[in-house]
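Asker: Got a predicted structure here, sequence first:
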Amino acid sequence: MDRITDPPKKSSSSPYLATDYLPARRGRLDTIRNTVELAYSLEPKSLKWQTNEYRIARPRHVAYYLARKMSHASLPAIGRFFALRHHSSVLYGIRRIEAAIAESAEVAAFIANLELDILETEREADGRMPRISPGAYLPKIAG
């Protein structure tokens, strides 16, 4: 059994394959950037601006965190993608978001929803069916 060529097994507890999180491709980083910009109501490509304004820096930190978690891109690669930042700046942003997640369930839920949005955006772009909640098509019963 070869670890590299064998396809990943789907876990019974997870609706996603391991490959949903593995590729460090530019398209994944673009999707993460676009999704975070939409979630924070920012202008397109604003996360690549050379600014330290809080309204841009905090969403950029969220994007760093998601890029590291979902694409497994290196810190220097993430830094190059987002406004030519140094890898230590990326690490600082990731640690800030990890601390915020540990402190607040609301932040953790927000980040989890962003992850789902990114995965569904990629599934739609790949022509695969988006993940649908179990009760999405059940009729509403008046009562």
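Answerer: Sure thing, it's come through. Numbering: from 1, shown residues only.
Asker: distance of residue 87 from residue 56?
Answerer: 19 Å (CB to CB, to the nearest Å). Where you see a C-beta, it was placed from the backbone N, CA and C, and this is true even at glycine.
Asker: If you count surrounding residues, which of these two has more?
Answerer: For residue 87 versus residue 56, neighbours defined as other CB atoms under 10 Å are more numerous around residue 56 (20 against 14).
Asker: same for the helix or strand that one falls within, what does it pack against?
Answerer: Using DSSP states H and E, residue 56 sits within helix 54-71. Helix 54-71 sits against helix 26-39, helix 75-81, helix 87-103, helix 105-125, with contacts defined as 3 or more CB pairs under 8 Å, 6 or more residues apart in numbering; DSSP states H and E.
Asker: Turn those into JSON lines, columns for distance to residue 60 and mean pLDDT.
Answerer: Output for the helices and strands packed on helix 54-71, formatted as JSON lines (distance: least, CB to CB, whole Å; pLDDT from 0 to 100):
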{"stretch": "helix 26-39", "distance to residue 60": "8", "mean pLDDT": "88"}
{"stretch": "helix 75-81", "distance to residue 60": "10", "mean pLDDT": "92"}
{"stretch": "helix 87-103", "distance to residue 60": "7", "mean pLDDT": "95"}
{"stretch": "helix 105-125", "distance to residue 60": "13", "mean pLDDT": "91"}
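Asker: and residue 94, how many neighbours?
Answerer: Other residues lying near residue 94 total 20 when counted by other CB under 10 Å.
Asker: and if you look at residue 102?
Answerer: Residue 102, neighbours per other CB under 10 Å, totals 10.
Asker: repeat for the one 5 residues further on
Answerer: Residue 107 is surrounded by 15 other residues when neighbours are defined as other CB under 10 Å.
Asker: Buried residues, stretch 30-47. List them.
Answerer: 31-37, 39-40, 42, 46-47 (16 or more other CB atoms under 10 Å).
Asker: got a list of contacts for it?
Answerer: Stretch 30-47 has contacts (CB atoms under 8 Å, 6 or more residues apart in numbering) with 48, 55-56, 58-60, 62-63, 66-67, 70-71, 81-83, 110, 114, 117-118, 121-122, 125.
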